Structure formats: structure tokens, C-alpha cells
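Q: A predicted structure for the sequence below; I have some questions about it.
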Amino acid sequence: MMLKAIGMVMIIAACGVWGLSGAKGLEKRQEQLGELKAALGFLEKEICFMHTNLSLAMQKTAQFTQFPARLVFAVAARELGQKKGVTAEEAWLKGLQAMRQQAQLQPKDIELLASLAAQLGVSNASEQHKALAALQEELSLQQQKAQRELDSNHKLWSYGGFIMGAAIVLLLI
């Protein structure tokens, strides 16, 4: 009988932890979108106003940015700094690939960030300013959507895991 009780508690706890991790993922996505938006603003200032070359601007942005958003800029800066004929587009996409594995972003967020790749490093500062400003605006909209999703689904994920665990235990009894 004691073994059954321990099993029930473990099922409820495991489902509860699953639900809490889902709620934490919603929080992290919203935070990471904000971090990326701020980092792109920093990159924009480095490129457009300080006229820093792209690899150094990426490196400075990586130092300013928190993990996992830092990965995009650090990997892109490293790729560009090696001077092996890698384009800014390829470096940016490699950075996104590295960040994708660590971040809580959705595929549509990554696609949005990838849209910058074609414009990065191939035009003058004014065009880069426009592209970075547009991306920041899009990220701001995504962050607002993520905040609404967080507001509406946080409790569902938090309590839903425990409720689902209790339902599974009831079905097994």
C-alpha cells in the first residue's frame, strides 16, 4: 500500500513539474524576446551611429547581451572575425542556429530574426538602420503577444500539470 502511495505522489509531482516548466518556458520566451530587442537596438547604434564594423559591433553586442541571446552575436562575430569568406548572412544564420537550441523561442520568432540575415552587412548604415528598426518593432509585437499568452496561460500550465497528475492517479485507482 505504501508503494502505491509513493507512486501516486511521484505521478502527481512529475506532472506538476512538467506543468511548472511549461509555465516557466512562457516566461522565458517573453524575457528572451525583450533581450533580443534590446540587443538589436545596441547593434543598431554600433553600426549606424558609431560606424563600427560588423564583426566588432557583433562582438560588443554579445558582451552587452545575456545568454542565450548572446549566442547569436557571439557566434556571428566569431564567424566574421575568422575572415574565411563567410558572409554576414551566413554568420547570422549560424548564430541563430546556435541560439535556437538554447532559447525558448518559437519557430516564428527564429524566422523573424532570420529575415534580417539577407540585409545584414550588404547595405549602407541608413538601410541597416531601417532593417534593424523594423525588426525591433516586429520583436516588440511578438513580445506583446508572448506577454498576452503568458498572462492567459501561466496559471493553466502551473495548475494544469498537478490536476493532470491527479486525474492520472484517479484513472489508475
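A: Cool, got the structure.
Q: show the contacting residues for residue 92.
A: Residues near residue 92 by CB atoms under 8 Å, 6 or more residues apart in numbering: 72, 76, 114, 116, 117, 120. For every residue, glycine as well, the C-beta is placed using N, CA and C.
Q: excluding chain neighbours, what is closest to it?
A: Nearest in space to residue 92, with sequence neighbours left out and distances taken as CB to CB, 6 or more residues apart in numbering, is residue 117 at 4.4 Å.
Q: mind checking pLDDT for that neighbour?
A: Listed pLDDT for residue 117 reads 80.
Q: and for the one 3 residues further on?
A: According to the per-residue confidence, residue 120 scores 80 in pLDDT.
Q: same check, this time on residue 167
A: Note for residue 167: predicted pLDDT of 90.
Q: rewinding a little: report the contact partners of the residue nearest to residue 92.
A: Counting by CB under 8 Å, 6+ apart, the residues that residue 117 touches are 88, 89, 92, 93, 96.
Q: what about the helices in this structure?
A: Ranges of helices within the chain are 2-48, 54-64, 69-81, 88-100, 107-114, 125-172, based on DSSP state H.
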